[in-house]
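Trainee: model this:
(chains A and B)
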Amino acid sequence: MSKLNNVLILIGSPKGKRSASNNFASYIENRFKKNGVETETDYIVHHQKADRLQKFVKKAFNYELMVMVAPLYIDSIPAVTIKFMEEFSSYKKAQDINFPHKHLKSGNESLSETPNQKLFVVFNSGFPEPSHNDLAIQMCEIFAHRSDMEWTGGITIGMGAAFQSRSVKNAGGMARNLRKGLDAIVDNLTLDEPILPETIHTASKPLMPLFLAKFIMRYFGGFMWKGQVKDDAVKKKMYDRPYAE
Amino acid sequence: MKTVILDGSRSLESPLAIINSKVEAELNKRGWEIDNIQLCEEKIATCIGCFGCWLKTPGECVINDKAREIAKKIIQSDLIILLNPITFGGYSFELKKIMDRIIPLILPFFAKIDGEIHHQPRYEKYPNIIAIGYQSQEDARSEETFKKLIERNVINFHSHNYSVGTLTGDIESLGLKELLNSLIEEVV
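Mentor: Numbering: from 1, shown residues only, chains lettered A, B, ... in the order given. Okay, here's the model as predicted:
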């Protein structure tokens, strides 16, 4: 039986619905729904204007658990997602200053603290090594502490581009560990159980042996990029240096 | 020495304003050419993750705003100085906006660096980096994360040399001049 009433799944990719992050989020959402948890998914990129962002931040406080799914941008968190985190943390601090006892159930002498909102995160990068995402995970942990949230952990995914147009469910054997890890994590969160380091490790395993993934990216990654260029004239300019002095 | 200062303060009244003016004064003494950019004063869009800067207009972002001009200044400089209110161990929104927008300066293609996969450089030479992070209260974890972030960015940005320092507390009482001189000496 679920001990978790509701979860907000936040997609932190600037690409919104067209992102690999959205595909990871969909898998997580389906598992929570299967477990009977009320689930809502939203896109940070849709709430960039100041007034919309404020409303969105207020809304985000209404969920017992927040799951943030985002891509790695320059070794860390995309700017749009940082903006949300800055606003969320500031709003939380302002609330704590204005209503210092709001965490306490009112009414009688047996005051007890209501549980803090929880945070779990998923980061993915295009590089084969999931460890590129480690710093982003650390930053989210610091964010959780600063925002008085309970940090439940985070997983790192390499070769995230493989999920750009493919669901996690239909990604075959390469996503086996990811599915196994995510299923266990969602079940742990549903039952308010701690997530074991082994589970985080399983979900964060490289999608294929790293030596092979590195070889493929290094020697065939160029064909992949060139294959995405539709204009032959642009293909010839891919190494251009427009700002060379 | 062509230097670009990228100030990631959230407002012009932030504690970093004092750091910024002291850094500029110190560089002026050395006779360096300085471009001091207050990012919160500039209209810069966030990266939309389209890869157009690699696949449509190679080397230049498809969004035509101030970020293009800043990217050009960065690659044509010898040194960039990042001034950052440490935010959860990383960059502030203002500074991260521009960091996300300078990927046109590298290539989409991959290379192995110290056993890890990274992107290849687009240019022959990249500026060195000095990063100064500020936080109002002591937080060793944030400080350590920020230093690691700069170290990682330097690998991806193909800079030859870098230095990073952090400051905590009352700006006026901090030994900024000494810190700055030691950071410069490490890099130049």
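Trainee: all strands of chain A, in order?
Mentor: Assigned by DSSP state E, the strands in chain A fall at A:6-11, A:38-43, A:65-71, A:118-124, A:150-157.
Trainee: Adding distance to chain B and mean pLDDT, write those strands out as a markdown table.
Mentor: All C-beta atoms are positioned from the backbone trio N, CA, C, and that covers glycine. Rendered in a markdown table, the data for the strands of chain A read as follows (distance: least, CB to the nearest CB, whole Å; pLDDT from 0 to 100):
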| stretch | distance to chain B | mean pLDDT |
| --- | --- | --- |
| strand A:6-11 | 12 | 98 |
| strand A:38-43 | 13 | 97 |
| strand A:65-71 | 7 | 98 |
| strand A:118-124 | 12 | 98 |
| strand A:150-157 | 12 | 97 |
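Trainee: Show me what the worst-scoring helix or strand of chain A on mean pLDDT is in contact with.
Mentor: Within chain A, confidence by mean pLDDT, DSSP states H and E is lowest for helix A:79-98 among all helices and strands, at a mean of 91. Helix A:79-98 has contacts (CB atoms under 8 Å, 6 or more residues apart in numbering or on different chains) with A:10, A:12, A:14, A:44-45, A:47-48, A:53-54, A:56-58, A:60-61, A:68, A:70, A:73, A:77, A:102, A:143, A:146-148, B:46-47, B:87-88, B:90-93, B:96-97, B:99-100.
Trainee: Mark which of these are buried, thanks.
Mentor: In these, burial by neighbour count holds for A:10, A:12, A:14, A:44-45, A:47-48, A:53, A:56-57, A:60, A:68, A:70, A:73, A:77, A:143, A:146-147, B:46-47, B:87-88, B:90-93, B:96-97, B:99-100, counting by 16 or more other CB atoms under 10 Å in any protein chain shown.
Trainee: Can you tell me how far the most centrally placed residue in chain B is from A:Leu212?
Mentor: To find the centre residue of chain B, average its C-alpha atoms and take the closest one (CA atoms, centre = their mean): that gives B:Leu82, at 3.7 Å. Between B:Leu82 and A:Leu212 the distance is 37 Å, computed by CB to CB, to the nearest Å.
Trainee: For chain B, which segments count as strands?
Mentor: With DSSP E as the definition, chain B shows strands at residue ranges B:2-7, B:33-38, B:79-85, B:106-113, B:116-121, B:128-135, B:162-168.
Trainee: hmm, the first one in reach of chain A?
Mentor: Which is strand B:2-7. No: applying CB under 8 Å from any CB of the partner chain, one finds strand B:2-7 separated from chain A by no less than 10.0 Å.
Trainee: residues of that strand that come out buried?
Mentor: For strand B:2-7, a neighbour-count test (16+ other CB under 10 Å) marks B:Thr3, B:Val4, B:Ile5, B:Leu6, B:Asp7 as buried.
Trainee: Pull the number of nearby residues for the closest residue to B:His119 other than its chain neighbours.
Mentor: In this structure, B:His119 finds its nearest non-sequential neighbour in B:Ile106, 4.5 Å apart by CB to CB, 6 or more residues apart in numbering or on different chains. Burial of B:Ile106, expressed as a neighbour count using other CB atoms under 10 Å in any protein chain shown, amounts to 21.
Trainee: May I have the beta-bridge partners of B:Ile106?
Mentor: For B:Ile106, the residues forming beta bridges with it (DSSP bridges) are B:Pro121.
Trainee: Let me know the pLDDT of it.
Mentor: pLDDT, the model's per-residue confidence, is 98 for B:Ile106.
Trainee: List the contacts of it.
Mentor: Applying CB under 8 Å, 6+ apart to B:Ile106 gives the contacts B:His119, B:Gln120, B:Pro121, B:Arg122, B:Asn156, B:Phe157, B:His158.
Trainee: and with 10 Å instead?
Mentor: B:Ile106 is in contact with B:53-54, B:59, B:118-123, B:126, B:156-158, counting by CB atoms under 10 Å, 6 or more residues apart in numbering or on different chains.
Trainee: okay but B:Trp120 is in contact with B:Trp54, surely?
Mentor: If you look again at residue B:120, you'll see it is Gln, not Trp. No: applying CB atoms under 10 Å as the test, B:Gln120 and B:Trp54 come out as separate, 11.2 Å apart.
Trainee: quick one: low-confidence ranges for chain B?
Mentor: For chain B, no stretch is flagged by pLDDT under 70.
Trainee: Do a quick rundown of the helices in chain B.
Mentor: B:16-29, B:52-55, B:66-75, B:93-100, B:140-157, B:176-187 (DSSP state H).
Trainee: try chain A
Mentor: Taking DSSP H to define them, one finds helices in chain A at A:20-34, A:50-60, A:79-98, A:134-146, A:176-190, A:197-203, A:210-227, A:232-235.
Trainee: can I get these in a markdown table with distance to B:Tyr162?
Mentor: Written out in a markdown table, the entries for the helices of chain A read as follows (distance: least, CB to CB, whole Å):
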| stretch | distance to B:Tyr162 |
| --- | --- |
| helix A:20-34 | 30 |
| helix A:50-60 | 33 |
| helix A:79-98 | 21 |
| helix A:134-146 | 16 |
| helix A:176-190 | 34 |
| helix A:197-203 | 31 |
| helix A:210-227 | 25 |
| helix A:232-235 | 33 |
